[in-house]
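>>> everything below, folded, please.
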Amino acid sequence: MQTVSAKKILGSLIEGCDPQSGEPLPAECVVHRSDVLRAFIAGATAIEQLEARAQRRAQLPGNVGKDWTTDEEARLVAAFKRGDSPTVLAQAHGRTIRAIEARLQKLGLITEAERTTRGGFTGWG
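Numbers count the residues shown, from 1 in each chain. Below is the predicted model of the structure:
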């Protein structure tokens, strides 16, 4: 089931309506119980959180989380020694600036003090 249709169904049930007809459900229907309503709301919230996470993930560079290959490291070192900036390197390697700086530090090419990033993801720039 697509998240859009699941959200629509849950929204109708939270409002106390039949998801297909839009008609109000009878007062004695189980959907009117507070525990059931809380469960529907929790489900709708979970779907919204999944969608938000997917949107954030889609904005990250393509190689986020992938292992570095020996060849990629060699290209990184060569480009860094040529003077390419971390921003240029991040775009060329499909990684975040934070990942580039972390790899350069691990390879001994920069120090912690030379890094511009700390902690969370910084994206492209």
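>>> roughly how far does the residue nearest the centre of the chain sit from residue 89?
In the chain, the residue lying closest to the centroid (C-alpha atoms, centre = their mean) is residue 57, at 3.0 Å. Distance, residue 57 to residue 89, using C-beta to C-beta, to the nearest Å: 22 Å. (Glycine included, C-beta is placed from N, CA and C.)
>>> for residue 1, grab the count of nearby residues.
As a burial measure, residue 1 scores 6 neighbours (other C-beta atoms under 10 Å).
>>> domain parsing for this structure?
Under the assignment automatic domain parsing, the domains of the chain span 3-58, 70-114.
>>> which stretch among those comes nearest residue 64?
Among these, domain 70-114 comes nearest to residue 64, with 6.4 Å by C-beta to C-beta.
>>> straight-line length of the closest one, end to end?
24 Å (C-alpha to C-alpha, to the nearest Å).
>>> one more: stretch 18-29?
Counting by C-alpha to C-alpha, you get 11 Å between the two ends of stretch 18-29.
>>> for that stretch, which outside residues touch it?
8, 9, 12, 13, 16, 17, 31, 32 (C-beta atoms under 8 Å, 6 or more residues apart in numbering).
>>> cool, thanks, signing off.
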